[in-house]
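Enquirer: after the sequence you'll find the predicted model.
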Amino acid sequence: MKAHQANFYFTIFILLCGLIAIAGCKHDEPLIKSVVSIQSAENVTTTTATLVALVTPNQESTNITFEYRPTADPIWKSQVMTEKLSGSVAIKVTAELKDLVPNTQYAYRAKALNAAGEVISSTITFTTGVLAQATAATYPAESITLTTAKVRATIYPNQANTNVSLEYRVIGVSTWSNQAWTSSLSGTSPVEVNFELSTLVAGSKYEYRVKAINLAGEVVSPNASFETYAVADYDGNLYHSVTIGTQTWLKENFRGTHYANGDPIPNVTNPDTWSTLTTGAYCYYNNDPEIGKVYGGLYNWWVGADARGLIIGWHFSREDEWSIIAGYLGAYLPAGLAMMEAGNSHWNSTKYPATNSSGFTALPNGAFALDAATNKFIFMNLNEAATFWTPASYGTNGDAVIIASSNCGLSGGLLYNKNYGFGIRLVKN
């Protein structure tokens, strides 16, 4: 019995020793450091990036820190991850960086710290994107009046917070006026902006440009220009002006349907009725108002000579004023070529090439005149002759000035029956 008990206690003793030995062996096992593998940065933009690492913690409460710096800078910046890791499985860890410098190479690495100590990954690099400047393009000015105009532009912002403004000034003036667009723009898609200008100076030439500013800098579109109208007639038709020597002329033929005081000018379209008139009347070539919008109206002599006038501050161009402009431009042929619109947009083939160097812009408005073959009034010479009345009177005839494609010279002192339909140009008082 005693021998049996002794064997039992001996067995218990051996088991206890084994357990103590096993426990002692576990306590002496070495701590395992984390494993850190750095990965390529993701979502890299001009100013942001996502840093990536794969971490196997291998201990409880493992701390992760990302370090980064521009490669040209020796000092590391740190971003400590708030979440501590545990376990023996690889875990993807990311850190979001902001306010980076565009077009800059950065180096970064990851650190893992647990009870076994610190591990630092290898270093990898990424480069932030290049900032793209905005692009800006303007269109020809629209809806121009005496004192207002509209300007459109297309902007590609290419960055957030792109600010846009329109600059404009009278040509020759040193200071630009500025009108800012209502809000900043973003994105890479085109954005159309529209500016409405007011309180402009009538009869003035303006230049304008659009400016766009973002993080990449400032971009300015090429300069464009427009000219405000100088004056309006009673009907609201607008006219440009041009100064030639000492005289200021309208650049377009009169096309109104009222005298300056608002009295209507009769519109007569019947050739037989027209031929018997001895008072003012007008028509359009082929009785087509659309032609009149381009070439002006055709008026008999009495319209220009009427004391009521056509536009306040402007008068029916006299024969001596035509002589002055002819003398200033070189008389006859040089004057005609300098006054005719250049090219063939409106003129048929001309004997000599016109220059319109004066800016007068004579268009071949034709005439409503007596046809010798039929002894009837017909429309003739559109695109072939520019016709203008003067107030000079010689009985039943009035004095006219003509520029024809056949000779291109400025011809004055030409007498025609006062009921012919010619154009009218006005001169500033």
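Expert: Yep, that arrived.

Enquirer: from here on, contacts and neighbour counts on C-alpha atoms
Expert: Noted.

Enquirer: domain ranges for this structure?
Expert: Following automatic domain parsing, one finds the domains of the chain at 35-127, 135-227, 231-428.

Enquirer: looking at this, Val119 is in a helix?
Expert: No. Under DSSP: H, G, I helix; E, B strand; the rest coil, Val119 sits outside any helix and is assigned strand.

Enquirer: just after the helix or strand of the chain with the lowest mean pLDDT, pick out the following helix or strand.
Expert: Scoring the helices and strands of the chain by mean pLDDT, DSSP states H and E places helix 2-27 at the bottom, with a mean of 53. Proceeding C-terminally, helix 2-27 gives way to strand 35-42 as the next helix or strand, assigned by DSSP states H and E.

Enquirer: by contact count, what packs against that next one?
Expert: strand 49-56, strand 105-114, strand 117-120, strand 124-127 (3 or more C-alpha pairs under 8 Å, 6 or more residues apart in numbering; DSSP states H and E).

Enquirer: nearest approach to Gly343 belongs to which of those?
Expert: strand 124-127 (56.2 Å; C-alpha to C-alpha).

Enquirer: who does that closest one touch, helix- and strand-wise?
Expert: So strand 124-127, by 3+ C-alpha pairs under 8 Å, 6+ apart, packs with strand 35-42, strand 105-114.

Enquirer: about what we covered before: can you add distance to Gly309, mean pLDDT and mean neighbour count and give the helices and strands packed on strand 35-42 back as a markdown table?
Expert: Output for the helices and strands packed on strand 35-42, formatted as a markdown table (distance: least, C-alpha to C-alpha, whole Å; pLDDT from 0 to 100; neighbours: other C-alpha atoms under 10 Å):
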| stretch | distance to Gly309 | mean pLDDT | mean neighbour count |
| --- | --- | --- | --- |
| strand 49-56 | 75 | 97 | 21 |
| strand 105-114 | 76 | 97 | 22 |
| strand 117-120 | 94 | 96 | 16 |
| strand 124-127 | 74 | 97 | 17 |
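
Enquirer: now render the ones you listed as a markdown table, adding distance to Gln247.
Expert: Conversion of the helices and strands packed on strand 35-42 to a markdown table gives the following (distance: least, C-alpha to C-alpha, whole Å):
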| stretch | distance to Gln247 |
| --- | --- |
| strand 49-56 | 68 |
| strand 105-114 | 67 |
| strand 117-120 | 86 |
| strand 124-127 | 66 |
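
Enquirer: if we can go back for a sec, need the helices and strands packed on strand 124-127 in CSV with distance to Ser204, can you?
Expert: Output for those, formatted as CSV (distance: least, C-alpha to C-alpha, whole Å):
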stretch, distance to Ser204
strand 35-42, 56
strand 105-114, 53
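
Enquirer: any idea which of these gets closest to Cys283?
Expert: Cys283 sits nearest to strand 35-42 of all the helices and strands packed on strand 124-127, at 74.6 Å, using C-alpha to C-alpha.

Enquirer: can you give me the offset of the closest one from its chain's centre?
Expert: 47 Å (C-alpha atoms, centre = their mean, to the nearest Å).

Enquirer: strands paired with that strand, and their directions?
Expert: If you go by DSSP bridges, strand 35-42 pairs up with strand 49-56 (antiparallel).

Enquirer: ranking the domains of the chain by burial, who's on top?
Expert: Stretch with highest mean neighbour count among the domains of the chain: domain 231-428 (a mean of 19; mean count of other C-alpha atoms under 10 Å).

Enquirer: helices of the stretch 201-350 of the chain, residue ranges please.
Expert: 271-275, 289-295, 301-305, 319-329, 332-339 (DSSP state H, counting those that start in this stretch).

Enquirer: quick one: list the elements packing against the longest one.
Expert: The criterion is 3+ C-alpha pairs under 8 Å, 6+ apart, and the helices and strands that helix 319-329 contacts are helix 332-339, strand 385-394, strand 410-417.

Enquirer: now the end-to-end length of stretch 44-63.
Expert: 25 Å (C-alpha to C-alpha, to the nearest Å).

Enquirer: and for stretch 246-264?
Expert: 32 Å.

Enquirer: tell me the gap between it and the middle of its chain.
Expert: 34 Å.

Enquirer: ok, residues contacting that stretch?
Expert: 233-235, 237, 239-243, 265-267, 282, 292-293, 295-297, 308-312, 325, 359-362, 423-428 (C-alpha atoms under 8 Å, 6 or more residues apart in numbering).

Enquirer: ok, now stretch 121-128?
Expert: So stretch 121-128 is contacted by 36-41, 44-49, 100-111 (C-alpha under 8 Å, 6+ apart).

Enquirer: ok, now with 10 Å
Expert: If you take C-alpha atoms under 10 Å, 6 or more residues apart in numbering as the criterion, stretch 121-128 is touched by 35-49, 51, 53-55, 66-71, 100-112.

Enquirer: which element is Ile402 on?
Expert: strand 397-404.
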